[in-house]
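K.L.:
After the sequence you'll find the predicted model.
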Amino acid sequence: MELVRDTYRQPEEYVKGIPLVKSFAEALGPLQSFQPQPDDLLISTYPKSGLETLKETPAPRLLKTHLPLALLPQSLLDRKIKVVYVARNAKDVAVSYYHFYCMAKVHPDPGTWDSFLEKFMAGKVCYGSWYQHVQEWWELSRTHPVLYLCYEDMKENPKREIQKIMEFVGRSLPEEIVDHIVQHTSFEEMKKNPMTNYTTVPHDIMDHDISPFMRRGMAGDWKTTFTVAQSEHFDADYAEKMTGWELSFCSQLGVVLSGNHSRRSV
């Protein structure tokens, strides 16, 4: 029997040394002429996404990207647009990204988990290296208005992190409204919401039978996928690439991923 191929899967295309889904790479040209507004707020995380359909969006606008700095429109940096950056521990990102590659068929076939993990560690997945991404946005925070947050901190105390964001953008809200935001931005609520769970996307493009877009959202879920050998191999590579950086991340709530660097309050 002839196997049916996933016709939506695209090859990767390198832009400035960074691998991207071909259609995303082709969209970067027009993006470079994007003109930000002074009260725009850029939300950046690793990986996947872009800036689109913003021309008709009223101010203040929320812009979302997963682009590394090298591919970001220079105008966003020149105009000192405020940035909220959210980082997550590398092991959970690798597992989540693998499942996303499997279900979102715009990506190349991810192959086995073991082979995908090697590509992730080498930065040969779409949007490039996790290490470079978290490091360069942290470095940018020295000269640019960047609020650098950790996913695990948001899981542990979402109200505290939301209050950090409000202070950063110079807004205040009554406590009951903040509590309402905390409730409706919880992973459990967003997983049920068609506006955030991508269940309206055609099955041929995002196959939720393979994996839901919002899968588990747990800190430390990597332990269900990594073998002991993979974990040890990853930790050694991680320690080498993160040596000398002030950044560290929790591999699960309350446990800092090992590496020769100190945790700095972010």
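P.N.:
Looks like it arrived, so ask away. Numbers count the residues shown, from 1 in each chain.
K.L.:
ok, which stretches of the stretch 1-150 of the chain are strands?
P.N.:
Ranges of strands within the stretch 1-150 of the chain are 12-15, 18-21, 41-45, 62-65, 82-87, 146-150, based on DSSP state E, counting those that start in this stretch.
K.L.:
A122 is nearest to which of those strands?
P.N.:
When the strands of the stretch 1-150 of the chain are compared by C-beta to C-beta, strand 18-21 sits nearest A122, at 10.4 Å. C-beta coordinates here come from the backbone N, C-alpha and C atoms, glycine included.
K.L.:
Return the set of buried residues in that closest one.
P.N.:
By neighbour count on 16 or more other C-beta atoms under 10 Å, the buried set for strand 18-21 is I18, P19, L20, V21.
K.L.:
what ranges do the helices span in the protein?
P.N.:
Using DSSP state H, the helices found in the chain span residues 22-26, 28-31, 74-78, 90-103, 113-122, 130-140, 151-156, 158-169, 175-184, 187-192, 194-197, 228-242.
K.L.:
now those as TSV including mean pLDDT and mean neighbour count?
P.N.:
Output for the helices of the chain, formatted as TSV (pLDDT from 0 to 100; neighbours: other C-beta atoms under 10 Å):
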stretch	mean pLDDT	mean neighbour count
helix 22-26	85	15
helix 28-31	85	13
helix 74-78	92	14
helix 90-103	89	22
helix 113-122	96	17
helix 130-140	95	19
helix 151-156	86	19
helix 158-169	89	15
helix 175-184	82	12
helix 187-192	59	13
helix 194-197	53	12
helix 228-242	95	15
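K.L.:
Redo those as a markdown table? Include distance to L42.
P.N.:
As requested, the helices of the chain are exported to a markdown table (distance: least, C-beta to C-beta, whole Å):
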| stretch | distance to L42 |
| --- | --- |
| helix 22-26 | 17 |
| helix 28-31 | 13 |
| helix 74-78 | 6 |
| helix 90-103 | 20 |
| helix 113-122 | 25 |
| helix 130-140 | 11 |
| helix 151-156 | 17 |
| helix 158-169 | 11 |
| helix 175-184 | 19 |
| helix 187-192 | 20 |
| helix 194-197 | 19 |
| helix 228-242 | 25 |
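K.L.:
so which of these comes closest to D39?
P.N.:
Nearest to D39 among the helices of the chain is helix 158-169 (8.8 Å), distances taken as C-beta to C-beta.
K.L.:
relative to helix 175-184, how tilted is the closest one?
P.N.:
What separates the directions of helix 158-169 and helix 175-184 is an angle of 120 degrees, with axes from the mean of the first three to the mean of the last three C-alpha atoms, to 10 degrees.
K.L.:
Give the other helices and strands that helix 158-169 contacts.
P.N.:
Contact partners of helix 158-169 among helices and strands, from 3 or more C-beta pairs under 8 Å, 6 or more residues apart in numbering; DSSP states H and E: strand 82-87, strand 146-150, helix 151-156, helix 175-184.
K.L.:
again, 7 Å this time
P.N.:
If contacts are counted by 3 or more C-beta pairs under 7 Å, 6 or more residues apart in numbering; DSSP states H and E, helix 158-169 sits against strand 82-87, strand 146-150, helix 175-184.
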